[in-house]
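[1] A predicted structure for the sequence below; I have some questions about it.
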Amino acid sequence: MKPGDAPGFISSLQRSGLSLVKDVVPTRLSLNARHFLVGGLMNGVSNGVYNAMLQLYLVGLGFGGQSLGTIFMMNALSSTILTIPAGIMADRYGKRSMILIGLASVTLSMVVFFLADSVELFALSFLLIGVSNATGTVLTPLYSSFFEGDDMDRAFGFYGLINLAAISLGSLGGFIPPYMVSSMGVTLLEAYRLTMMAAATLFVLQNLFYYYSAVGIPETFSRGLNFNLKSKWVVLKICGVGLLASVAGGLLFSLFPFYVNRKFGVESAALGTLFFAANLAMALCKGVASAVAKRVGGLRSITFGLALSAVFLMLMPLSPSFAVLTVFYILRSGTRFMSDPLISSMFMRSISEEEKSTANSIRMISLNGGGVVAPVLGGAMMDQLGLDSPAYIGGALTLVSAVLYSLLLRKESQLLAKDS
């Protein structure tokens, strides 16, 4: 490059950067949308902390794989049972009422969690978390109401970027317990407990910001409990394939900290580093999902992302070290979760406004349904078929889900492309 070409080169980079920002950031972020994004930020940080140490904390208390599967299953079970009633109630009585119920249930669940010393009490805590998650069926329709048209693709990608970047930041909390052990003289379990208490505060506070984001937003209330959705075939197709994909991923990843602890003996600091890098990759991929979809098509982006993630998942058991497994985990996470904002956007854009909460509750059931069976199946596979078996079987099922999305959603993809 000649010296005289530098200004033009820099100007080209600036234009490319501005174009990327326009493809990632929605054209308008209202005050309501900003409140919602702050809630997503808090959700991400707290989830990142819990991801890095929750299972290690429970293992330290003496619980094994079967007990972990039972505890985590309660979250998905209660959420699955209550999600449709929560969606119908939201359409009938309003989103803000459901957010307040979620606030009450997550607050109680955190109190029970830090008082628990048995499988039964931890199961109760996770059951209450599932109640809160069920009321969260209103959040996707609420967020979608802030945006229109193609801006919705960018909006869901932008939310995913912020939420996952926050999860990455929270994952670095895995370094806090070892530091507390060395500098404060507390035990590792006590350090886990204190760190998770701080994160639990954010779990509670996020609901207040979600509530404020709903203030002033007009709502269309349904009459009675009409469950005859006009968009039932779209709901059936997306939710059916979503359930399969949820089971596929959950076989291994619902017990992933347990898996790598048994395979390589890693603790919270190493897990925190892995989750930090992986969630950062997911954040970037979710952020650029709209830009990729704009260039190659939304349905193709969904299909290719899922197919690539299946390949990386099946390569993970072949890793000779935790470092190599980390690389495959990051690649799998980035390619897999690039599809999520595109699926959410396609789903919301294909459904009428007055049906969104109910329809989204059905989709949440399909996603949570994987969480009911996947931990139990994954734990049984590890015990009966080998520690690595969930990765191979989950990868094969992910490939099947990629093919099904491509075949079943072609019509919806074409209709949305015409409307854009």
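    Sure, I can see it.
[2] what pLDDT does Leu139 get?
    For Leu139, the pLDDT comes out at 88.
[3] With just CA atoms, put the helix or strand harbouring it into PDB.
    With elements taken from DSSP states H and E, the one containing Leu139 is helix 139-144. Output of helix 139-144 as PDB, limited to C-alpha atoms (Å, rounded to 0.1, in the frame of the first residue of the first chain):
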ATOM      1  CA  LEU A 139     -40.000 -11.800  27.900                       C
ATOM      2  CA  THR A 140     -39.500 -12.700  24.300                       C
ATOM      3  CA  PRO A 141     -42.900 -11.300  23.100                       C
ATOM      4  CA  LEU A 142     -42.200  -8.200  25.300                       C
ATOM      5  CA  TYR A 143     -38.800  -7.600  23.800                       C
ATOM      6  CA  SER A 144     -40.200  -8.200  20.200                       C
END
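[4] Show me the contact partners of it.
    Contact with helix 139-144 is made by 33, 36, 90, 95, 152, 155-156, 159, 210, 213-214, 217, 344, 348, 356-357, 360, as judged by Cβ atoms under 8 Å, 6 or more residues apart in numbering. No exception for glycine: its C-beta is placed from N, CA and C like everyone else's.
[5] if you set the cut-off to 6 Å instead, what comes out?
    For helix 139-144, contacts defined as Cβ atoms under 6 Å, 6 or more residues apart in numbering pick out Phe36, Lys95, Ala214, Met348, Lys356, Ser357, Asn360.
[6] Quick check: what element follows it along the chain?
    Once the chain leaves helix 139-144, the next helix or strand it forms, by DSSP H and E, is helix 151-171.
[7] what sits against Ser309?
    Applying Cβ under 6 Å, 6+ apart to Ser309 gives the contacts Arg332, Thr335, Arg336.
[8] Output the below-cut-off pLDDT ranges for this protein.
    1-24, 149-150, 219-229, 286-287, 289-290, 353-354, 357, 412-420 (pLDDT under 70).
[9] residue contacts, Gly242?
    If a contact means Cβ under 6 Å, 6+ apart, then Gly242 has Ser366, Leu367 as its contacts.
[10] ok, now how distant is it from Ala123?
    Distance of Gly242 to Ala123, given as Cβ to Cβ, to the nearest Å: 26 Å.
[11] same question, Leu205
    25 Å.
[12] Could you check which of these two has the larger neighbour count?
    Ala123 (21 against 15; other Cβ atoms under 10 Å).
[13] Cross-check the contact I'm expecting between the more buried one and Met74.
    Yes: with contact defined as Cβ atoms under 6 Å, Ala123 and Met74 form a contacting pair (4.5 Å).
[14] circling back: would you turn the contacts of Ser309 into JSON lines with secondary structure and neighbour count?
    Output for those, formatted as JSON lines (DSSP: H, G, I helix; E, B strand; the rest coil; neighbours: other Cβ atoms under 10 Å):
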{"residue": "Arg332", "secondary structure": "helix", "neighbour count": "28"}
{"residue": "Thr335", "secondary structure": "helix", "neighbour count": "22"}
{"residue": "Arg336", "secondary structure": "helix", "neighbour count": "24"}
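[15] now, which of the residues you listed sits nearest Ala104?
    Arg336 (33.4 Å; Cβ to Cβ).
[16] excluding its backbone neighbours, what's nearest the closest one?
    Spatial nearest neighbour of Arg336, excluding adjacent residues (Cβ to Cβ, 6 or more residues apart in numbering): Ser309 at 3.5 Å.
[17] which stretch of helix or strand covers that neighbour?
    For Ser309, the host element (DSSP H and E) is helix 298-315.
[18] between that helix and helix 151-171, how many degrees?
    20 degrees (axes from the mean of the first three to the mean of the last three Cα atoms, to 10 degrees).
[19] List the buried residues in helix 298-315.
    Residues of helix 298-315 classed as buried by neighbour count (16 or more other Cβ atoms under 10 Å): 298-299, 301-310, 312-315.
[20] where exactly do the helices run in the stretch 151-300 of the chain?
    With DSSP state H, counting those that start in this stretch as the criterion, the stretch 151-300 of the chain has helices at 151-171, 176-184, 188-214, 232-253, 256-264, 268-296, 298-315.
[21] out of the ones you listed, deepest packed?
    The highest mean neighbour count among the helices of the stretch 151-300 of the chain, using mean count of other Cβ atoms under 10 Å, belongs to helix 151-171: a mean of 24.
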